[in-house]
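1. Give me the fold of what follows.
(one chain, ligands or ions: 2)
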Amino acid sequence: MRYAHTVDTVRKAEGGLMARLPDGTLMRRAAAGLAAVCARMLPRTYGARVVLLVGGGDNGGDALYAGALLARRGAAVRAVPAGSRVHEGGLAALRGAGGRTVPAPGAQGIADSPAAADIAGADLIVDGLVGIGGRGGLRAPHAGLAALAGAAEAPVVAVDLPSGIDPDTGAVTGPAVRADVTVTFGTHKPGLFVDPGAAHAGVVEYVDIGLGPELPGPRLECPQHADIAALLPRPTAESDKYRRGVLAMAVGSDRYRGAAVLAVGGALRMGVGMVRYAGSQGAVAEVLHHWPEVVASVLDPMDPVGSLPRRVAAWVVGSGRGLHPVAAAELETVLDSPRPVLADADAITLIGKDPRLLRDRSAPTLITPHAGELARLLPGTEREDIEAHRLDHAARAADEYGCTVLLKGSTTVIAEPGHPAVANPTGSPLLATAGSGDVLAGMIGALLAGGLTPREAAVCGAYLHGLAARVAHDGAAISASDLFDAVPRAVAALSPR
Ligand SMILES: NC(=O)C1=CN([C@@H]2O[C@H](COP(=O)(O)OP(=O)(O)OC[C@H]3O[C@@H](n4cnc5c(N)ncnc54)[C@H](OP(=O)(O)O)[C@@H]3O)[C@@H](O)[C@H]2O)[C@@H](O)CC1
Ligand SMILES: [K+]
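-> Ligands and ions are numbered 1, 2, ... in the order given. Model prediction:
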């Protein structure tokens, strides 16, 4: 698991540790870790042209001390100080090691400046413009330097985080650095895991500077293969279909039969003891045509709610089900059940119209909105606000509705009251296709029926859904049905033999 803490928490932890250590210890540790990553990225350090973009704070100090270490190993290091201040100790160290400074370009003629030529000709660019002290998009001259770095061929290594991304949210509100690698110190920062920040960070490398014992619980978690492998329910010798979990699914309709086929397929391929499908005649026929192993029943038109399955371990309800009064009555009945429920798509819209449906419920519940659907649950909040501040809005909805929220999108985030939020690292634009969310709902439903909590099921489901898209992708576009066969392969990929 990777853990991320907010800037406030990092500052407090840093204060506690610095009080017990000689001055400059943490920066030296950070710089040593940074220099080691830089050296690994260069074919050889000796003779390599390294350009440091140096802001006025300690982020620039880290870059300068790391530059000094690289210069001692024979690299030709140039520092471009941006702004009116520069870290004096770092600058002296760099100069003492044979590094040089190049004046930052003014706003005029930036492309013709000596710094521009150095950046264009570099083998490696180190972004030490701003770190956790940064606020908002980059100002001049930092923004111009970030643009030059973006246009250069050399890889860019960001110090602590890419300059210009919000450390706590991942929001990018103006010019920002796009890094190939980010070397982060002490703990990860939430903005490194949440888009658009995550997309600017590239590969994230962590350097331990001894902050761990000072840190409280994280703001955000980012699972890795081993975390998912440890959570997944595995069938044992004693497993039978009832012990592995019976999942009831009230999804799809005559109009949206595909939603039923896709969600049921997701559940079956994730591994579930039994799917009990309930729906209209057309949807049942379509489901059985694709998945004969399903126990399916046609809802009695005279008493649709009364004919829903009973004695099940968990429910998935909503996708392609419609917004009509029968769908609302069905949702109310499902939410009355003491079993875990995943409410998706139309069910979320119905909850938005009648929040009492969820607020009255105490049994485990997971909702899986995209930003537009979440906006319906948070009146007065625009979809764009949600996309820019995914963590905050998912957490707010989880608190207001007292349930687990999986907010789908470029970075899928999961929030549950009383727990750190989770950012899923396997997301991919490949998943932005019709029906992909239905498959996800089925996969998570299977995990709920298998006994995972809503948070665990959401974390594992989102991770494997993303991994399945990557496994299925062989260069061509993929569609939601391609995910089915890839799910078992994604599970196998978790634990390399
Ligand atoms: N915490 C730890 O444990 C450790 C932390 N360490 C390191 O310290 C870093 C934090 O250093 P920090 O506090 O000095 O702030 P930092 O990120 O350099 O930024 C401040 C400067 O940026 C400027 N600036 C701000 N916004 C801007 C913008 N939009 N556009 C342009 N400029 C902008 C701001 O200017 P001002 O607004 O003051 O004019 C000021 O000059 C941290 O990320 C890590 O690398 C390590 O050494 C190891 C231990
Ligand atoms: K930086």
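2. Contact partners for the residue nearest to residue 188 when sequence neighbours are not counted?
-> Spatial nearest neighbour of residue 188, chain neighbours left out: residue 4 (4.0 Å); criterion: C-beta to C-beta, 6 or more residues apart in numbering. For glycine as for every other residue, the C-beta is placed from the backbone atoms N, C-alpha and C. Each residue near residue 4 by C-beta atoms under 8 Å, 6 or more residues apart in numbering is listed here: 187, 188, 189, 190, 192, 193, 218, 219, 220, 221, 222, 423.
3. Provide the partner residues of residue 4 in its beta bridges.
-> residue 188, residue 220 (DSSP bridges).
4. That one and residue 214, how far apart?
-> 15 Å (C-beta to C-beta, to the nearest Å).
5. Then residue 261?
-> 52 Å.
6. out of those two, which sits in the more crowded spot?
-> residue 261 (27 against 18; other C-beta atoms under 10 Å).
7. which of the residues in the helix or strand containing the more buried one are buried?
-> Using DSSP states H and E, residue 261 maps to helix 257-270. Burial within helix 257-270, assessed by neighbour count using 16 or more other C-beta atoms under 10 Å, is assigned to 257-270.
8. Please apply the same query to stretch 461-475.
-> Under 16+ other C-beta under 10 Å, the buried positions of stretch 461-475 are 461, 462, 463, 464, 465, 466, 467, 468, 469, 470, 471, 472.
9. For those, could you give me a markdown table that also reports pLDDT?
-> A markdown table is the format used below for those (pLDDT from 0 to 100):
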| residue | pLDDT |
| --- | --- |
| 461 | 98 |
| 462 | 98 |
| 463 | 98 |
| 464 | 98 |
| 465 | 97 |
| 466 | 96 |
| 467 | 96 |
| 468 | 96 |
| 469 | 95 |
| 470 | 93 |
| 471 | 92 |
| 472 | 91 |
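10. contacts with ligand 1 among those, please.
-> Subset of those in contact with ligand 1: empty, counting by C-beta under 6 Å from any ligand atom.
11. Between those residues, which sits nearest ligand 2?
-> Nearest to ligand 2 out of the buried residues of stretch 461-475 is residue 466 (C-beta to the ion; 27.2 Å).
12. Just confirm that closest one is within a helix.
-> Yes: checked against DSSP: H, G, I helix; E, B strand; the rest coil, residue 466 lies within a helix.
13. I'd assumed residue 431 was in contact with it.
-> Yes: with contact defined as C-beta atoms under 8 Å, residue 466 counts as touching residue 431 (6.5 Å).
14. Please name the bridge partners of the residue of the stretch 1-150 of the chain found nearest ligand 2.
-> Using C-beta to the ion, the closest approach of the stretch 1-150 of the chain to ligand 2 is made by residue 127 at 4.6 Å. When bridges are called by DSSP bridges, residue 127 pairs up with residue 53, residue 158.
15. So which of the contacts of residue 4 reach ligand 2?
-> Among the contacts of residue 4, no residue lies close to ligand 2 (C-beta under 5 Å from the ion).
16. Name the member of these with the shortest distance to residue 301.
-> Of all the contacts of residue 4, residue 423 has the smallest distance to residue 301: 44.2 Å, by C-beta to C-beta.
17. if I look at the residue nearest to that closest one when sequence neighbours are not counted, how far off is residue 422?
-> Once flanking residues are discounted, residue 423 sits nearest to residue 193: 3.9 Å by C-beta to C-beta, 6+ apart. From residue 193 across to residue 422, the span is 9 Å (C-beta to C-beta).
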